[in-house]
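Trainee: coordinates only, no sequence provided:
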Ligand SMILES: [Mn+2]
């Protein structure tokens, strides 16, 4: 059997709403054509409660699977909480962290499950068969990173006998992303023939001990605007017989990236070089409205504060021609200023909290948030002990 592996559609992603649907739609219909089975590894939607406009468009997208006569049949479905399967198409999914809601509430992937668009493999075992060949999917939807290890352990997953066994999950892994307390390869349930992971938006193929593959298809839409996004977006097709994976690229908005290094630069120099870099990148992509990210590195002239550099002027200047993002990773303060700040701190003129709020204000400005954002409340919220910050509270303060 051939299995198409897709992830992170982020349908409804506000910044690139049309891209999110076009690119996911392209990937999904290609996948349906080319494979016997389709797997989607979570973050199908960008939010926990997508608007009905987003849901309606997603239903249209998933309906494509109904147009094909599939040979792979679901032979058994067994969920731990008694959920039933309603889908008659071999499209398997789990929910991601963006869709995760508490147990009593319905997440959007459960909605797709109830509508018969997907077979939900979260906390369930779904076995398919085609021409006597069996494949078993067991999955775990996205959980907060710190619970990943214990959640996998609690599932105590065992491979299904007589089938090719695939484990689906949606987490960050320490092998690919720096971070405290992330799960890793050693936490994966043992004995599976293939491991598929969503969540990380850059595609990756990893050969584990014994040659078993771990595949991360990446997102179908650009979200983080990282250098790695230049590699292109798409999905994998895994051939069960050959035990090989091939990456299929999809048409996407071009993503262009440049890094500029400065030394004691003034506003004029930074503006001029940034502008000419954007123009140069745009040259043969004119009309395609590419995403352009420019990273500014190095130092600025004495007395100049990088947070006063207006990066949003480039966004406006190239509006209509490109989606521009300028990331200011510039050093400003002279050593003298730094010592002065530390001295003030030591003498108690500025509390750690006040300094934290100042830094936060600078950062907010740098990332283009409005100046009326209540940095003090945000600081209080972020420094709260306990289970972390709720998206709602955060978005409230940030006016998102
Ligand atoms: Mn995601």
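Mentor: Structure's in. What do you need? All values reported here derive from a predicted model rather than from experimental measurement.

Trainee: ok, and the closest non-adjacent residue to the residue in the chain positioned nearest to the ion?
Mentor: At 3.5 Å from the ion, residue 43 is the closest residue in the chain, using CB to the ion. (C-beta placed from N, C-alpha, C; glycine too.) Using CB to CB, 6 or more residues apart in numbering and skipping residues adjacent in sequence, the residue nearest residue 43 is residue 96, 3.2 Å away.

Trainee: that neighbour and residue 46 touch, don't they?
Mentor: No: with contacts counted by CB atoms under 8 Å, residue 96 stays clear of residue 46, the gap being 9.7 Å.

Trainee: low-confidence ranges, the stretch 201-350 of the chain, go.
Mentor: Applying pLDDT under 70 to the stretch 201-350 of the chain flags residues 333-341, 345-350.

Trainee: where along it do the helices fall?
Mentor: In the stretch 201-350 of the chain, the segments counted as helices under DSSP state H, counting those that start in this stretch are 267-282, 312-317, 335-346.

Trainee: is it possible to export those to JSON lines including distance to the ion and mean neighbour count?
Mentor: Shown next, in JSON lines, are the helices of the stretch 201-350 of the chain (distance: least, CB to the ion, whole Å; neighbours: other CB atoms under 10 Å):
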{"stretch": "helix 267-282", "distance to the ion": "26", "mean neighbour count": "16"}
{"stretch": "helix 312-317", "distance to the ion": "24", "mean neighbour count": "14"}
{"stretch": "helix 335-346", "distance to the ion": "37", "mean neighbour count": "11"}
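
Trainee: in the host helix or strand of residue 136, what's buried?
Mentor: Take DSSP states H and E as the rule and residue 136 turns out to sit in strand 133-140. Residues of strand 133-140 classed as buried by neighbour count (16 or more other CB atoms under 10 Å): 134, 135, 136, 137, 138, 139, 140.

Trainee: show me how far it is from its chain's centre.
Mentor: Chain-centre distance of strand 133-140: 24 Å, with CA atoms, centre = their mean, to the nearest Å.

Trainee: skipping its backbone neighbours, what lies nearest residue 374 in space?
Mentor: Once chain neighbours are set aside, the closest to residue 374 by CB to CB, 6+ apart is residue 397, at 5.6 Å.

Trainee: quick one on the thing from earlier: got the contact list for whichever helix or strand comes after the strand holding residue 136?
Mentor: From strand 133-140 onward toward the C-terminus, using DSSP H and E, the following helix or strand is helix 148-155. Under the criterion CB atoms under 8 Å, 6 or more residues apart in numbering, residues 123, 138, 140, 143, 169, 171, 182, 183, 187, 188, 189 lie in contact with helix 148-155.

Trainee: show me which of the residues you listed neighbour the ion.
Mentor: Filtering those for proximity to the ion by CB under 5 Å from the ion leaves nothing.

Trainee: which of those fall in strands?
Mentor: Using DSSP state E, the subset of the contacts of helix 148-155 located in strands is 138, 140, 169.

Trainee: check contacts around the last one.
Mentor: Listed by CB under 8 Å, 6+ apart, the contact partners of residue 169 are 41, 94, 139, 140, 142, 148, 152, 195, 196, 197, 198.

Trainee: distance check, the third one against residue 94.
Mentor: Pointing back at residue 139 there. Counting by CB to CB, to the nearest Å, the gap between residue 139 and residue 94 amounts to 4 Å.

Trainee: got any residues that touch both of these two?
Mentor: Common neighbours of residue 139 and residue 94 (CB under 8 Å, 6+ apart) are 121, 122, 168, 169.

Trainee: just put the residues you listed in a markdown table and tack on pLDDT.
Mentor: Putting those into a markdown table (pLDDT from 0 to 100) gives the following:
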| residue | pLDDT |
| --- | --- |
| 121 | 98 |
| 122 | 98 |
| 168 | 98 |
| 169 | 98 |
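
Trainee: start and end of stretch 217-226, how far apart?
Mentor: Counting by CA to CA, to the nearest Å, you get 16 Å between the two ends of stretch 217-226.

Trainee: same check on stretch 244-258?
Mentor: End-to-end distance (CA to CA), stretch 244-258: 34 Å.

Trainee: shouldn't residue 65 be within a helix?
Mentor: Yes: under DSSP: H, G, I helix; E, B strand; the rest coil, residue 65 sits within a helix.

Trainee: can you tell me the SS state at the closest residue to it other than its chain neighbours?
Mentor: Spatial nearest neighbour of residue 65, chain neighbours left out: residue 89 (4.3 Å); criterion: CB to CB, 6+ apart. Put simply, residue 89 is coil when judged by three-state DSSP.
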